[in-house]
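Enquirer: no FASTA, just this:
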RNA sequence: GCCCAGAUGGCGGAAUCGGUAGACGCGCUGGUCUCAAACACCAGUAUCUUCACGGAUAUGCCGGUUCGACCCCGGCUCUGGGUACCA
């Protein structure tokens, strides 16, 4: 009987579900292993072939660890709050709960078809009130805490209040907000009103409400994320966006900057992720320094990492948002300054940062005094200075900082050098700044002649002595925004009494998301929750109307998996103590500075309060590479072009049809590439035509072998039913092809251009693993799981290449893997010798109980060793190859022995669990193969007595010589030199040197 | 710009510690089976050169260390990903 994967896979998937085969239990007698996948957002597009890559890898590890005697926690759940569902709700009025439910069902169905060993009894969803009850609870803990820099940990706000009542705030060292907190005594504290006290406490809380810069879109009545803003207008609708300060909830992640940085050294994460986090946290050591404003009582404080260049300061630049801007600019500059500030403020931060080449700024008219020379230094405003970093002001040293340099060049400001590079290095100040921290100080008064390092030390001492500033550590990391003006998220458990925020009582949790009529902001510009009727805390107090951001629920979900149904705690102490932190965390690198930083932050916070016994959420982290898709593009003529003649000549000069601006023109990729190569020959730039062409993504299901099915395409996009499709040999219109007589052998095929890109619904290049009904043509597109089976998909995704590398999806090699599964099956199902002629269809299950031969045992144990090595270093592609080699060799040996085939089934089971289970059952076992014991590796079967030495001359292998491994180096040398082959290659010359590496190589130097 | 990866046959990739470069799979070529095809099985397959034996060249490019380099060092080119003008 041939292997019928459809029947077998269906059977085992049902079996596992019915028997809860992968249910994990807290068994103190067994060592634990926690293998976690980053949980998915259930998008409407469903699962595509890229998603399972990581899930398959972690599933292999989980199944392997089970066989090795570990109690394995391998859960899956859904990050089910989020913007896409809400966006869909705004457009269609469908409740996000409903669409989310449908999407989860679809994901679940797709995941089930791949045969994962998830413990579905532990599934969590962030949008489930029983889950977000605890997200809200954690928020309250963070709100009710402050960061004590003396103990270097978070503490309950009660300890702070007790200190205030006893001694005031003079002795308190805490991480607080930007502003300066006035000193108060215990008596003063007690005399403050409730409101004053709460406002002071807010400065200390780890979750706090403050004014923050946001992208406000008045027309949409909402705040937009950076990537929802393009060119100063909203991506949706194109309405103007302005930067506005609004009360916003934030989390004081900056309090943990140092610990987040240091913790990286303790965890086994990929170096690139750790590096991104280090850069994101951005620790820099420098000095704060005050510049006295001429004619004002105030100072401008700057932060610099290069205090040694102080004598090279030629101007000071303020961020447009800097609070002193208004006050210091002189009347004659007021108008330009105001205009500039308005312009700069309303550019989004991302724009300001991305647009490096455009240098903008204005002079304020004000001057500061140089703290050492007393010279007058002009004060400028420039948008290259960011309000959120340092003090929002820089001392510009154009000779030794490239951004200051560009600014100075642009506005023709002086560029005085103060560092003489080391001998042999030239500084070309007319071209660029000299930024290296090597050289000797010049033009710098008492610093002259010092090396950079010494100068830094000396000047900091001098600055501190004169009380102008002090050495300081700055972090780039900013506090994390923790509120969105949206509906589909966790309500923030806060209510307002007399305008003062308070957290709700724990027994009131969860604060359930109320029902509303529409998912849009209210007419008065309040968030959607403002629409909820009769939604008051204790019937009288207003609730907070913003909801939590996407990262809230995902910052602690790994803890909930340990105890998903606990109604009393987020997870019990016993269970947290058993499972500890994650042993293997697998997911995409796009979460490097978002999720992976927040989850570390929350873990450290929970550690400080004693809720968890570890500081890091995951010991080991691996990033799977992205599986990209091949998207298909066609070229459309831009209707706004004023270059019709150029296009005509370039793309369709063999073509008598005249352009008509009222219809849509498409060009075959063949025409475009021909035109480009013609331009290239003429030495002209290809952008002559590409600028006037718009690339349109077409559904990859409408394309076969780069040829677009124009009929299907116009059915899919009826707006293009009247378009003209220009091919190499003519054109298509309304389903009729008119050929161009002048083109000999011209084609009527309309070709598309393929491009490797991220798989995404908007690019119509998504390949899903299972069957799917084509929504435009109503055809059933068979997926891999239907054509080849889940085991084959699992093996093939692993076989594609190293887990961490990105690669485009193609199914070119899948038959090889499919073949392997059948060959494996055949080892257990030999074709009977009689009655001849028998075919594969006549094969039946049969294994022999004869003892295994040496050769067979060698194959088996070599494979055991390889599989163990490969899993430990997450090299799954080589494992698959090794299984292929093993099966090929056993087939060659005609091995049909239980002693070999039984362990082989276990070895294969983490990778191809369905076929392994079936074989295991056929071998007579009653229990799932998941409960089997991984075969014991025995070195003795691999011991060789001889080695086939490659003999090389000057490093080039010339011949092989089999020699006994017991021979000494000298004997080997003697043997080799005695060979006739050796003499031939020596060609009469005497060997200069003979290198013998036993069990490796012999190299003769001539 | 900066940071992090990576570059090996027609293709995906292997070579785990500096020791036989190209495992395994795809594709391709030839063969067996078949009325035929599919499937399956067998053999071959880096490039150049040679009737052949053999020889030469090969891991993006240039150089270095070494008896020996895909692997280590210096410099460069290209591709992918990330990103923050961070003072």
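Expert: Perfect, thanks for sending it. On a predicted model such as this, the values are computed, not experimentally measured, just so you know.
Enquirer: just the pLDDT at residue A:644, thanks.
Expert: Looking at residue A:644, its pLDDT reads 63.
Enquirer: oh, I was asking about residue A:661
Expert: So residue A:661 comes in at 69 (pLDDT).
Enquirer: try residue A:682
Expert: Predicted confidence (pLDDT) for residue A:682: 64.
Enquirer: so residue A:629 touches residue A:808, yeah?
Expert: Yes - proximity of residue A:629 to residue A:808 meets the contact threshold set by C-beta atoms under 8 Å, at 7.0 Å. For glycine as for every other residue, the C-beta is placed from the backbone atoms N, C-alpha and C.
Enquirer: when these two are compared, which one has more neighbours?
Expert: Comparing residue A:629 with residue A:808 by neighbour count (other C-beta atoms under 10 Å), the higher total belongs to residue A:629, at 25 against 16.
Enquirer: what residues are shared contacts of residue A:629 and residue A:808?
Expert: Between them, residue A:629 and residue A:808 have residue A:756 as joint contacts when contacts are counted by C-beta atoms under 8 Å, 6 or more residues apart in numbering.
Enquirer: for the helix or strand hosting residue A:982, name the packing helices and strands.
Expert: Under DSSP states H and E, the secondary-structure element containing residue A:982 is helix A:980-986. Helices and strands touching helix A:980-986, by 3 or more C-beta pairs under 8 Å, 6 or more residues apart in numbering; DSSP states H and E, are strand A:946-953, strand A:956-964, strand A:1001-1005.
Enquirer: who's in contact with residue A:695?
Expert: Neighbouring residues of residue A:695 by C-beta under 8 Å, 6+ apart: A:633-636, A:753.
Enquirer: so which of those residues belong to strands?
Expert: A:633-636, A:753 (DSSP state E).
Enquirer: so is stretch A:414-422 next to RNA strand B?
Expert: No - contact between stretch A:414-422 and RNA strand B, assessed by C-beta under 7 Å from any atom of the strand, is absent, since the two come no nearer than 13.7 Å.
Enquirer: quick check: end-to-end length of that stretch?
Expert: According to C-alpha to C-alpha, to the nearest Å, stretch A:414-422 extends 23 Å from its N-terminal end residue to its C-terminal end residue.
Enquirer: can you check stretch A:582-601 too?
Expert: Terminal residues of stretch A:582-601 lie 15 Å apart, using C-alpha to C-alpha.
Enquirer: buried residues in that stretch, which are they?
Expert: A:582-589, A:591-593, A:595-601 (16 or more other C-beta atoms under 10 Å).
Enquirer: pLDDT score for residue A:650?
Expert: For residue A:650, the model assigns a pLDDT of 63.
Enquirer: ok, now residue A:988?
Expert: What the model reports for residue A:988 is a pLDDT of 72.
Enquirer: for it, give me its contacts.
Expert: Applying C-beta under 8 Å, 6+ apart, one finds that residue A:988 lies in contact with no residue.
Enquirer: over to the residue in the stretch 751-900 of chain A positioned nearest to RNA strand B. Which of the three states is it?
Expert: In the stretch 751-900 of chain A, the residue found nearest to RNA strand B is residue A:816; the distance is 2.2 Å by C-beta to the nearest atom of the strand. The three-state assignment at residue A:816 reads helix, by DSSP: H, G, I helix; E, B strand; the rest coil.
Enquirer: repeat that for residue A:275.
Expert: helix.
Enquirer: and residue A:44, by the same measure?
Expert: Per three-state DSSP, residue A:44 ends up coil.
Enquirer: quick check: pLDDT value at it.
Expert: Per-residue confidence (pLDDT) for residue A:44: 81.
Enquirer: so it versus residue A:767, what's the distance?
Expert: 16 Å (C-beta to C-beta, to the nearest Å).
Enquirer: more neighbours: which of those two?
Expert: When neighbours are counted by other C-beta under 10 Å, residue A:44 and residue A:767 differ, and residue A:767 comes out ahead with 20 against 13.
Enquirer: so who does the closest residue to that one other than its chain neighbours touch?
Expert: In space, not counting the residues next to it along the chain, residue A:767 is nearest to residue A:49; the distance is 4.9 Å by C-beta to C-beta, 6 or more residues apart in numbering. Taking C-beta under 8 Å, 6+ apart, we find residue A:49 in contact with A:627, A:759, A:767-769, A:784, A:793, A:797, A:809.
Enquirer: if we go to 10 Å?
Expert: By C-beta atoms under 10 Å, 6 or more residues apart in numbering, the contact set of residue A:49 is A:627, A:629, A:759, A:766-770, A:783-784, A:793, A:796-797, A:809, A:811.
Enquirer: what does residue A:270 give?
Expert: When contacts are counted by C-beta under 10 Å, 6+ apart, residue A:270 touches A:276, A:589, A:592, A:620-623, A:804.
Enquirer: change it to 6 Å
Expert: Each residue near residue A:270 by C-beta atoms under 6 Å, 6 or more residues apart in numbering is listed here: residue A:623.
Enquirer: ditto for the one 4 residues further on
Expert: When the contact criterion is C-beta under 6 Å, 6+ apart, the partners of residue A:274 are residue A:264.
Enquirer: let's go with 10 Å and repeat that
Expert: Counted by C-beta under 10 Å, 6+ apart, residue A:274 has contacts A:261, A:263-265, A:267-268, A:592, A:596, A:621.
Enquirer: and it, how far from RNA strand B?
Expert: As judged by C-beta to the nearest atom of the strand, to the nearest Å, residue A:274 and RNA strand B stand 9 Å apart.
Enquirer: then residue A:924?
Expert: The separation that residue A:924 has from RNA strand B, given C-beta to the nearest atom of the strand, amounts to 27 Å.
Enquirer: so how many other residues sit close to that residue?
Expert: The local packing count at residue A:924 equals 9, with neighbours defined by other C-beta under 10 Å.
Enquirer: where's it, which helix or strand?
Expert: Secondary structure assignment for residue A:924, by DSSP H and E: no helix or strand.
Enquirer: can you map out the strands along the stretch 801-950 of chain A?
Expert: If DSSP state E, counting those that start in this stretch is used as the criterion, the strands of the stretch 801-950 of chain A fall at A:807-808, A:946-953.
Enquirer: what packs against the shortest one?
Expert: Contacting strand A:807-808 under the criterion 3 or more C-beta pairs under 10 Å, 6 or more residues apart in numbering; DSSP states H and E are the following elements: strand A:627-637, strand A:753-758.
Enquirer: in TSV: those strands, plus mean pLDDT and distance to RNA strand B.
Expert: Shown next, in TSV, are these (pLDDT from 0 to 100; distance: least, C-beta to the nearest atom of the strand, whole Å):
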stretch	mean pLDDT	distance to RNA strand B
strand A:627-637	79	7
strand A:753-758	72	6
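Enquirer: and those strands, which is most packed in?
Expert: Among the helices and strands packed on strand A:807-808, the stretch with the highest mean neighbour count (mean count of other C-beta atoms under 10 Å) is strand A:627-637, at a mean of 22.
Enquirer: next one: it to chain centre, how far?
Expert: 24 Å (C-alpha atoms, centre = their mean, to the nearest Å).
Enquirer: parallel or antiparallel, which strands does it pair with?
Expert: Strands that pair with strand A:627-637, judged by DSSP bridges, come out as strand A:665-667 (antiparallel), strand A:693-698 (antiparallel), strand A:753-758 (antiparallel), strand A:807-808 (parallel).
Enquirer: domain map for chain A?
Expert: Domain assignment of chain A by automatic domain parsing yields the ranges A:34-144+A:253-279+A:550-588+A:596-624, A:283-475, A:627-766, A:814-939, A:944-1005.
Enquirer: ranking those domains by burial, who's on top?
Expert: By mean neighbour count, with neighbours taken as mean count of other C-beta under 10 Å, domain A:34-144+A:253-279+A:550-588+A:596-624 ranks first of the domains of chain A at a mean of 20.
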